[in-house]
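Colleague: Quick one, fold the following:
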Amino acid sequence: MKNQSNQRQRDAVDVILEQWQRERPDLDVSAMGPIGRIKRCAALLEQRLESGFAKFDLTLWEFDMLATLRRAGAPYRLSPTELFSTLMVTSGTMTHRLKRLEIRNLVERVPNEQDARSTLVQLTRKGLALINRAVEGHVENERLVLSVLPPDVLSSLDAHLSVLLQALDIPAERNNSTQAS
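Modeller: Predicted structure coming up:
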């Protein structure tokens, strides 16, 4: 740990690791380093992203909903179930959020032509125009955040995070059984 610290600037996680090393020298806390840094980066990234969305009078969840509809392609509509499944929120949360976006005239509910008993959620013209502008600002904001990393480091980070993400996406039971083999 000392060698690594000498090669780079110390961060908040180094302080935590040193405290654990002092208090529990019998415990190998090295896994706390990457996990702590990922968690801290995620929290700080969320703040930066929220700040970027605020320029468009959007929150993170509003951007996510509008972007999900935009990515669906013309006519930019999905069922409420498809939306809440994609966004990993409850149906109750989805209903509340849809109402807020409807009040702002960013989405509307339209009849489902294939099932008269249900409706679809669709971007309005105003919602489409807003998400088109906001996603451009978002991409630029992300570029700016990542600009501190050289291209080769960024590429390597992306590849390594993909491996971790794939491992975390495996249900815990299956992951534990493959490690035991």
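
Colleague: quick one, phi/psi of the residue of the chain positioned farthest from its centre?
Modeller: Within the chain, the residue lying farthest from the chain centre (CA atoms, centre = their mean) is D26, at 35.7 Å. With angles defined as degrees, to the nearest 10, D26 sits at phi -80, psi -10.

Colleague: what do you get for P111?
Modeller: phi -60, psi 140.

Colleague: Distance check, the residue lying closest to it once chain neighbours are set aside against Y76.
Modeller: Leaving aside its sequence neighbours, P111 sits nearest to T119 (CB to CB, 6 or more residues apart in numbering; 6.1 Å). No exception for glycine: its C-beta is placed from N, CA and C like everyone else's. Applying CB to CB, to the nearest Å, the value for T119 to Y76 is 15 Å.

Colleague: So for the two, which residue has more residues nearby?
Modeller: Higher neighbour count among T119 and Y76: Y76, with 20 against 15, using other CB atoms under 10 Å.

Colleague: For that one, which residues are in contact?
Modeller: 69-70, 122-123, 127-128 (CB atoms under 8 Å, 6 or more residues apart in numbering).

Colleague: separation between it and L83?
Modeller: Applying CB to CB, the value for Y76 to L83 is 12 Å.
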